[in-house]
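>>> Sequence isn't available, so here's the structure alone:
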């Protein structure tokens, strides 16, 4: 038996919240609501060290119970359909992402805001009241939480290093190959100080940093991530560049969609992007890091 069940804090939490969790899922499951609520508290017991420190641990348990209820209801619906038609259907697709785990990685107040607003359908006023902040602050929390969730759910958050190490000769050859040989001087001599290296990309908390393996900063600014779009806005320049990211395990490929960033040192932005971000894959070196 999990020792958490003997923890007085957890016991009191269970007694005070069990009925509310049952009520939250009864509409979907009827008589099975208590079973699902019990399963949700088992999950909470296994993660109690993390759950107990959340601003609203009860919201976390209700969220887990609602997910379980939806899955069970979906299974029952499919089973009934099979029995009616005797048709063969494909088994339930395995979820691509564990949303609950991603939310747990958020700062406590951000996680609480997401659960209360998006999974309990509470209006902003109630979210603000439960968290203990103004409505304006609650809106900011939700905005930031959605941005952080997008980063985590797309798998982009973390530190990446280019698979390829670029020598000066390789940089010059690559620029000639893409028809940009006349930009070798501004790129290699003026911007890269006559040397190459590995490009390292860090993405976290709505920001990005692109630098060389010796620490020389190539670019940095704010970032925005959605399901199939990774947008960068450099601090030291105007405009933005949008990419289609493809994460394959621990490898990241970026493909330019469009850019409105003006030329730097007379070199079009597409050429910088091709050399620094598109020319090869990046390999993950660290899952997550904040404070870019």
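Looks like it arrived, so ask away. If you're wondering where the values come from, they're calculated on a predicted model, not measured in any experiment.

>>> how's this structure carved up into domains?
The chain breaks down into these domains under automatic domain parsing: 3-154, 158-286.

>>> Let me have these in a markdown table, extended by mean pLDDT.
Below are the domains of the chain laid out as a markdown table (pLDDT from 0 to 100):
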| stretch | mean pLDDT |
| --- | --- |
| domain 3-154 | 74 |
| domain 158-286 | 92 |
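
>>> can you list the ones you listed in JSON lines and add mean neighbour count?
C-beta here means a position set from N, CA and C on the backbone, and glycine is covered the same way. What follows is the domains of the chain, written out as JSON lines (neighbours: other CB atoms under 10 Å):
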{"stretch": "domain 3-154", "mean neighbour count": "16"}
{"stretch": "domain 158-286", "mean neighbour count": "16"}
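
>>> Could you pull out the strands in the stretch 101-250 of the chain for me?
Under the criterion DSSP state E, counting those that start in this stretch, the stretch 101-250 of the chain carries strands at the ranges 158-162, 199-204, 207-212, 217-226, 229-234, 241-248.

>>> Figure out how far the third one is from the centre of its chain.
Relative to the centre of its chain, strand 207-212 is centred 18 Å away, using CA atoms, centre = their mean, to the nearest Å.

>>> Point out the other helices and strands that it packs with.
Packed against strand 207-212, as judged by 3 or more CB pairs under 8 Å, 6 or more residues apart in numbering; DSSP states H and E, are the following elements: strand 199-204, strand 217-226.

>>> Tell me which of the ones you listed sits nearest to residue 237.
Between residue 237 and the helices and strands packed on strand 207-212, the shortest separation by CB to CB is 8.1 Å, and it involves strand 217-226.

>>> can you confirm residue 253 is in a helix?
No - the assignment for residue 253 is strand, going by DSSP: H, G, I helix; E, B strand; the rest coil, so no helix is present there.

>>> Give me the phi and psi for the closest residue to residue 237 other than its chain neighbours.
Across the structure, with CB to CB, 6 or more residues apart in numbering as the measure, the residue nearest residue 237 apart from its sequence neighbours is residue 261 (5.5 Å). Note on residue 261: backbone dihedrals following degrees, to the nearest 10 are phi -80, psi 130.

>>> Next, the contact list for residue 261, please.
With contact taken as CB atoms under 8 Å, 6 or more residues apart in numbering, residue 261 is in contact with 234, 237, 238, 239, 240, 241, 269.

>>> now swap in residue 36 and tell me
Taking CB under 8 Å, 6+ apart as the contact definition, residue 36 lies against 25, 29, 65, 68, 69, 72.

>>> And the helices in this protein, which stretches?
8-29, 33-46, 48-51, 57-85, 99-104, 108-114, 124-131, 135-154, 168-177, 184, 269-273 (DSSP state H).

>>> out of those helices, nearest to residue 202?
Using CB to CB as the measure, helix 135-154 is the one of those that comes nearest residue 202, at 11.7 Å.

>>> wait, what's in contact with residue 43?
For residue 43, the contacting residues are 61, 64, by CB under 8 Å, 6+ apart.

>>> how close does it get to residue 154?
25 Å (CB to CB, to the nearest Å).

>>> And for residue 137?
Here the distance between residue 137 and residue 154 works out to 26 Å (CB to CB).

>>> One more: residue 225?
Looking at residue 225 against residue 154, where the rule is CB to CB, the gap reads 5 Å.

>>> Quickly list what's touching both of these two.
Taking CB under 8 Å, 6+ apart as the contact criterion, the residues that touch both residue 225 and residue 154 are residue 245.

>>> Make TSV from the helices and strands packed on strand 207-212 and add distance to residue 277 to it.
Formatted as TSV, these follow (distance: least, CB to CB, whole Å):
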stretch	distance to residue 277
strand 199-204	7
strand 217-226	9
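
>>> of all these, which lies closest to residue 53?
strand 199-204 (21.4 Å).

>>> sorry, back to before: quick check: the two most widely separated of the contacts of residue 36?
The most distant members of these, if one measures by CB to CB, are 65 and 72, lying 10.3 Å apart.

>>> Lovely, talk soon.
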